[in-house]
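Asker: Model the structure of this input:
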Amino acid sequence: MKRLWEIIIVFCFSIIIFTVPVVMLCEEKEEKLLYENRNVTEVPAFSGKTFADGSFFEAAEGYMSDIFPLRNSILAIRTYIDGTILNKPVINDVIYQGEDKPMLPIVPHKASDEAATDKEVERMAERISYISDICHEEGAEFYFVGIPEQYSYFRDKYPEYIYNNEENLKMEERLLFDKINKKGVKFINMNMVFNNMGKDDSLYSYIDHHFSFKGAYETYKTIVSRINADLGCNVDILEDGDFKYKEVPNPYLGSRNRKLMGVYDIPEKAMIADFTNRVPFRRTDDGKVMDSVVYTYPMDNDEIIDFMIYMGGDVGETIFETHREELPKLLIFGDSFTNPIETIIYTGFDETRCLDLRHYDKKTISEYVREFKPDVVLMIRDDTRYLDFEGNGDIK
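Answerer: A predicted model of the protein is given here:
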């Protein structure tokens, strides 16, 4: 009897060993891992070099792991067990406190060092002042727009025993706005604006690291109001009657619940503007004429969507042309926080150009300003990127 069981075990194990590779080879491969927001590992061509340095085997191991059958199901089960059965306070580096509180990231501890931070802030303030001066030379008004990141906005919702980086966030904000103010740079601090509004939770996503569309709208309204006041122009601001908030019915996968494999549900939907009378425009992305749309989401209401519904995601250069020469021209540069703002701010300008310097390298931002000659330039940064000197912080 014992011998029979050994044979059965060996037989079953052999089936698994041979079946799994066959299934992995035969089933249709996904190019991107949805919940990990990355592409499947690419295996380099086999050569003497990749064999000798081990890169072929390392990449092959990653590839096999990425295409393993039921990978998402296995990771989801583990995530569910960690949170529901083991009651871990932190799951996959995300804090989940129930559907009535935002999902928040674990933030690496950073010792507070004001002297060192002051030097870095001064370096960034010099860059911001430099581009501000370039804009003024070309007859443009420049604004630095600072926006809280989601965890920064909800820092008071962290459990008391988990680090929230509040001291450094406050220090960097205080030093940066103080320095650029002394250098004569105009700015809009949306953290202060949101605080004065009473910090409405609906202004930020509970499941993503960005603000909600309502937060983007309040930022847009604050920016255009300031432009009108400073320049004495009359750029139209979209108000009630010009649009309605429209809820996109698709399941919304934010960057926070993405890390939780979508296991723990917070019933949040993406919002967009449903225009009463849409301003006609011509859209060009990286030199290619696109459909005149600002929101991209599938017709199938069951298909998962994410923050890419705004402008289709990050693009190096987007140009809106509304052909109304009596209106000013606008240039925006920044990362994904600009995307939902772009979907509405173009309505008040003759031409709006949006750059993401992480994906655009044809010109420096100063060269672009000199050639485009906008009336207004916006530099938009979230407060976790105030001291990031790469990408949109690489000002030349």
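
Asker: okay, CA-based contacts and neighbour counts for the rest of this
Answerer: Noted.

Asker: Can you give me the separation between Ile309 and Val248?
Answerer: Ile309 sits 10 Å away from Val248, going by CA to CA, to the nearest Å.

Asker: Then Val90?
Answerer: Distance from Val90 to Val248, by CA to CA: 30 Å.

Asker: Isn't Tyr386 up against Arg174?
Answerer: No - judged on CA atoms under 8 Å, Tyr386 makes no contact with Arg174 at a distance of 11.3 Å.

Asker: Look at those two and report which has more neighbours.
Answerer: Counted by other CA atoms under 10 Å, Tyr386 and Arg174 do not tie: Tyr386 has more neighbours, with 20 against 12.

Asker: List the contacts of that one.
Answerer: 121, 124, 172, 176, 393 (CA atoms under 8 Å, 6 or more residues apart in numbering).

Asker: now it, what's its secondary structure?
Answerer: coil (DSSP: H, G, I helix; E, B strand; the rest coil).

Asker: same question, Ile188
Answerer: Strictly by three-state DSSP, Ile188 counts as strand.

Asker: Check which helix or strand Pro102 maps to.
Answerer: Assessed by DSSP states H and E, Pro102 sits outside every helix and strand.

Asker: How about it, nearest residue that isn't a chain neighbour?
Answerer: Excluding the flanking residues, the one nearest Pro102 by CA to CA, 6 or more residues apart in numbering is Tyr206, at 4.0 Å.

Asker: For the one you found, give me its contacts.
Answerer: Counted by CA under 8 Å, 6+ apart, Tyr206 has contacts 101-103, 266, 268.

Asker: give me phi/psi at Asn168?
Answerer: When read as degrees, to the nearest 10, the backbone of Asn168 gives phi -70, psi -40.

Asker: Could you double-check that it lies in contact with Pro108?
Answerer: No - with contact defined as CA under 8 Å, Asn168 does not count as touching Pro108 (11.7 Å).

Asker: who's more crowded, these two?
Answerer: Asn168 (18 against 9).

Asker: Number of residues surrounding the residue lying closest to the more buried one once chain neighbours are set aside?
Answerer: In this structure, Asn168 finds its nearest non-sequential neighbour in Ser112, 6.1 Å apart by CA to CA, 6+ apart. Ser112 has 14 neighbours, counted by other CA under 10 Å.

Asker: returning to that earlier point: from the contacts of Tyr386, pick the one nearest Thr347.
Answerer: Gly393 (26.9 Å; CA to CA).

Asker: Show the pLDDT at the closest one.
Answerer: Gly393 is assigned 97 on the pLDDT scale.

Asker: and it, how many neighbours?
Answerer: Considering only other CA under 10 Å, Gly393 is surrounded by 21 other residues.

Asker: residues contacting it?
Answerer: Contacts of Gly393 by CA under 8 Å, 6+ apart are 124, 386-387.

Asker: Can you tell me how far it is from Phe307?
Answerer: Distance of Gly393 to Phe307, given as CA to CA: 22 Å.

Asker: Where does Gly139 sit: helix, strand or coil?
Answerer: Classified using three-state DSSP, Gly139 is coil.

Asker: mean confidence for stretch 199-212?
Answerer: 97.

Asker: which parts of that stretch are buried?
Answerer: 201, 203-212 (16 or more other CA atoms under 10 Å).

Asker: Save the residues you listed as JSON lines, and put in distance to Lys288 and secondary structure too.
Answerer: Shown next, in JSON lines, are the buried residues of stretch 199-212 (distance: CA to CA, whole Å; DSSP: H, G, I helix; E, B strand; the rest coil):
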{"residue": "Asp201", "distance to Lys288": "38", "secondary structure": "helix"}
{"residue": "Leu203", "distance to Lys288": "33", "secondary structure": "helix"}
{"residue": "Tyr204", "distance to Lys288": "33", "secondary structure": "strand"}
{"residue": "Ser205", "distance to Lys288": "32", "secondary structure": "coil"}
{"residue": "Tyr206", "distance to Lys288": "35", "secondary structure": "coil"}
{"residue": "Ile207", "distance to Lys288": "33", "secondary structure": "coil"}
{"residue": "Asp208", "distance to Lys288": "30", "secondary structure": "coil"}
{"residue": "His209", "distance to Lys288": "30", "secondary structure": "coil"}
{"residue": "His210", "distance to Lys288": "28", "secondary structure": "coil"}
{"residue": "Phe211", "distance to Lys288": "29", "secondary structure": "strand"}
{"residue": "Ser212", "distance to Lys288": "29", "secondary structure": "coil"}
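
Asker: Run a quick neighbour tally on Gln150.
Answerer: Neighbours of Gln150 (other CA under 10 Å): 25.

Asker: Now do the same contact list for the residue lying closest to it once chain neighbours are set aside.
Answerer: When the adjacent residues along the chain are set aside, Gln150 lies closest to His209, with 4.7 Å between them (CA to CA, 6+ apart). By CA under 8 Å, 6+ apart, the contact set of His209 is 149-151, 254-256.

Asker: Can you flag which of the residues you listed belong to strands?
Answerer: Per DSSP state E, strands hold no members of those.

Asker: quick one: which of these is nearest Phe275?
Answerer: Checking the contacts of His209 one by one against Phe275 (CA to CA), the nearest turns out to be Gly254, at 24.6 Å.
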